[in-house]
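J.: please find the sequence and the predicted model below.
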Amino acid sequence: MELTPATANAPKASALPSGDLYASVETSSIKHLLVPTSGLPNAEGALTVARQLAQRTGASVELLAVFEPRIPPPMTARAGPAPSQCEEQDRCSAAELLRRVRRQRGRLAPRALWPVRFEVGFAPFVIAQVARETKADLIVLGIGRSHPVARRVGSETALRVAHYGDVPTLAVTREATRPMRNALIVAAGESKGDAIRLACAVLDRPARLWISYPHDRLEPAPLSSAAIQRAAFGTELSIPAGVELMAADAAPEDAEALIRFAERHQIDLMVMPVRGTSFGERQLISNIVVPVLRASRCSVLAVPEPQCAQCADVHYPPAELGKSSTPFISA
């Protein structure tokens with residue numbers, strides 16, 4: 001293997017040709033996709049969805065391979081220097097990770113020239129930091145283990161990424177091969193406007209958005225899309241053509257009811273708010289995205305509240321502590 005520097009400053013312009021299918025304004029908000037992958041099957045749905053989004057929006061795509069060494073990096077702010085390279089015993093495993101990612105890219109996106117970025121460190125934190133540094137508009141990654149029961153005892157990388165960062169995270173199931181047209185949105189918190197704009201950009205047309213929002217259960221839910229929009233979002237949002245709004249009969253704070261509703265109505269995508277403007281706040285606040293991501297059988301889009309604090313402000317390692325440039329490997 002050629003010993004060249006890692007692509008820490010790899011070019012972003014690598015999108016597949018856009019089909020001009022969605023020239024509407026909501027697609028212009030997605031310019032750059034970051035797709036973390038380990039090259040394993042549970043990330044195949046994420047690469048498929050990223051390829052479809054790139055074709056539709058003209059966004060650039062960057063793959064991210066994060067190697068977690070046997071000896072983890074320090075997890076306190078500025079506790080020590082960043083590792084300058086992998087340990088000798090880890091190099092074969094790191095090289096195999098990169099080969100898997102490249103093979104997966106060649107199999108699922110053979111015509112794409114997506115760059116592969118290689119980093120070393122604690123994967124959820126590194127993903128959140130790289131997304132911030134590269135100004136990614138959306139992180140697309142695998143949701144984890146295929147069965148919800150197995151996912152409850154898994155590492156929950158997608159959930160940790162949503163907690164660490166301030167970039168929306170789309171956690172995709174391995175089976176996400178059909179177009180996503182049916183979404184359930186929890187309209188709560190300051191991020192609900194961003195949530196519906198992102199959902200409209202991600203979904204294929206025609207699309208149906210089921211809206212779960214706080215309202216008096218004694219009053220009948222509105223039936224028309226315009227009335228639902230006024231009740232859940234106000235009048236400042238513009239709902240694009242081809243998107244129908246429906247009122248969901250599941251309370252936005254009831255995770256079990258939301259998951260049952262999603263299964264009953266064959267929902268392809270659940271859109272959840274991530275409450276709290278910093279990692280520290282998110283550990284103390286009850287977040288509906290936590291039980292949903294752990295138990296959902298469909299893809300989940302986690303949309304954080306705006307103005308998230310930098311990780312260094314909440315006593316987690318700054319950018320240079322979760323990753324390293326790796327001179328022995330070409331990415």
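T.: Okay, I see it.
J.: this structure: strands as residue ranges?
T.: Here the chain has its strands, by DSSP state E, at 32-36, 60-67, 116-120, 138-142, 169-172, 182-186, 207-212, 243-247, 269-274, 299-304.
J.: show me the shaky parts of the stretch 151-300 of the chain.
T.: The model of the stretch 151-300 of the chain has pLDDT under 70 over residues 151-155, 189-191, 215-222, 235-236, 277-286.
J.: 90 instead?
T.: Within the stretch 151-300 of the chain, the segments meeting pLDDT under 90 span 151-166, 173-180, 186-205, 211-255, 272-297.
J.: in it, which spans are helices?
T.: For the stretch 151-300 of the chain, helices defined by DSSP state H, counting those that start in this stretch occupy the ranges 157-164, 192-202, 225-232, 255-264, 279-284, 289-295.
J.: looking at those, which is nearest to residue 240?
T.: Distance to residue 240, taken as C-beta to C-beta, is lowest for helix 192-202 among the helices of the stretch 151-300 of the chain, at 5.4 Å. For the C-beta atoms, the positions are set from N, CA and C on the backbone; glycine is no exception.
J.: by contact count, what packs against the closest one?
T.: When contacts are defined as 3 or more C-beta pairs under 8 Å, 6 or more residues apart in numbering; DSSP states H and E, helix 192-202 packs onto helix 44-57, strand 182-186, strand 207-212, strand 269-274, strand 299-304.
J.: look up how far residue 64 lies from residue 139.
T.: 9 Å (C-beta to C-beta, to the nearest Å).
J.: list the contacts of the closest residue to residue 180 other than its chain neighbours.
T.: Nearest residue to residue 180, sequence neighbours excluded (C-beta to C-beta, 6 or more residues apart in numbering): residue 268, at 4.0 Å. Residue 268 is in contact with 176, 178, 179, 180, 181, 182, 183, 203, 298, 299, counting by C-beta atoms under 8 Å, 6 or more residues apart in numbering.
J.: go with 10 Å
T.: 173, 176, 178-184, 202-204, 207-208, 262, 298-299 (C-beta atoms under 10 Å, 6 or more residues apart in numbering).
J.: and it, how far is that from residue 260?
T.: Residue 268 is 16 Å from residue 260, by C-beta to C-beta.
J.: returning to that earlier point: would you format the strands of the chain as TSV with distance to residue 229 and mean neighbour count included?
T.: Below are those laid out as TSV (distance: least, C-beta to C-beta, whole Å; neighbours: other C-beta atoms under 10 Å):
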stretch	distance to residue 229	mean neighbour count
strand 32-36	28	27
strand 60-67	32	25
strand 116-120	39	24
strand 138-142	23	27
strand 169-172	23	29
strand 182-186	12	26
strand 207-212	8	23
strand 243-247	6	18
strand 269-274	15	28
strand 299-304	18	26
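J.: which one of these lies nearest to residue 100?
T.: Comparing those by C-beta to C-beta, strand 60-67 comes nearest, at 8.3 Å.
J.: wait, doesn't residue 174 sit right on residue 37?
T.: No: between residue 174 and residue 37 there is no contact under C-beta atoms under 10 Å: 11.9 Å.
J.: now list whatever residues contact both of these two.
T.: Counting by C-beta under 10 Å, 6+ apart, the contacts common to residue 174 and residue 37 are 43, 44, 46, 142.
J.: who wins on neighbours among those residues?
T.: residue 46 (28 neighbours; other C-beta atoms under 10 Å).
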